[in-house]
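*Asks:* model the structure of this input:
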Amino acid sequence: MSTSPADLAGVRPHIRTSIEAALDGDRLTRDQATALADVRGAEHPALWAAAATIRDRGHGPWVTYSPKVFIPLTNLCRDVCSYCTFAQDEDSPRAHTMSPQEVLAVA
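*Replies:* Numbers count the residues shown, from 1 in each chain. Okay, the predicted model is just below:
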């Protein structure tokens, strides 16, 4: 998606100026950035289109992922979160810290 002048129709002048500056690759001033934070209602699609254009210029249309893996070495935790079903107190029979062999087996 690219942003055209038609996309900016109906956008207040100070918002338009800020969007155009961003599309031109200019570093925004504080006032321009503040103007973009004041986008309202029907102006949102113009801002979203400009943001998508800038994103695509920098990164293209690709979606990436990280192949990293999280291995929880222990389920011991000092915090008390009412919603957590993972963490255990050290006195719990379900408390566990993985041995090096267990870590290697998971990895």
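*Asks:* any weak-confidence spans in this protein?
*Replies:* Within the chain, the stretches with pLDDT under 70 are 1-6.
*Asks:* for residue 50, give me its contacts.
*Replies:* 3, 7, 19, 22, 23 (C-beta atoms under 8 Å, 6 or more residues apart in numbering). Bear in mind the C-beta positions are built from the backbone N, C-alpha and C, glycine included.
*Asks:* for this protein, what spans make up the helices?
*Replies:* 13-23, 30-37, 44-59, 100-106 (DSSP state H).
*Asks:* out of those, indicate the one that is most buried.
*Replies:* helix 13-23 (a mean of 18; mean count of other C-beta atoms under 10 Å).
*Asks:* helix 44-59 and that one, what's the angle between them?
*Replies:* If you take axes from the mean of the first three to the mean of the last three C-alpha atoms, to 10 degrees, helix 13-23 sits at 10 degrees to helix 44-59.
*Asks:* who touches helix 13-23?
*Replies:* In contact with helix 13-23 (C-beta under 8 Å, 6+ apart) are residues 3, 8, 11, 28, 32-33, 35-36, 38-39, 43, 46-47, 50, 53-54.
*Asks:* and that helix, how far from the chain's centre?
*Replies:* 23 Å (C-alpha atoms, centre = their mean, to the nearest Å).
*Asks:* repeat that for stretch 60-79.
*Replies:* With C-alpha atoms, centre = their mean, you get 15 Å for stretch 60-79.
*Asks:* list the buried ones in that stretch?
*Replies:* Neighbour-count burial for stretch 60-79, counted by 16 or more other C-beta atoms under 10 Å, picks out residue 75.
*Asks:* outside of it, which residues touch it?
*Replies:* Against stretch 60-79 from outside (C-beta under 8 Å, 6+ apart): 84, 86-90, 94-98, 103, 106-107.
*Asks:* hey, C-alpha coordinates of that stretch in CSV?
*Replies:* Extracted in CSV, the C-alpha atoms of stretch 60-79 (Å, rounded to 0.1, in the frame of the first residue of the first chain):
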residue,chain,number,x,y,z
GLY,A,60,9.3,-4.8,2.5
PRO,A,61,6.2,-7.1,2.8
TRP,A,62,8.0,-9.9,4.7
VAL,A,63,7.0,-11.4,8.0
THR,A,64,9.8,-12.8,10.1
TYR,A,65,10.1,-14.9,13.2
SER,A,66,12.7,-15.7,15.8
PRO,A,67,13.8,-19.3,16.1
LYS,A,68,14.7,-18.8,19.7
VAL,A,69,13.4,-21.2,22.3
PHE,A,70,12.6,-20.6,26.0
ILE,A,71,13.4,-23.4,28.4
PRO,A,72,12.1,-22.8,31.9
LEU,A,73,14.9,-24.1,34.0
THR,A,74,12.8,-24.0,37.2
ASN,A,75,9.2,-23.4,38.3
LEU,A,76,10.3,-21.9,41.6
CYS,A,77,9.2,-18.3,42.0
ARG,A,78,9.1,-15.8,44.9
ASP,A,79,6.2,-13.8,43.4
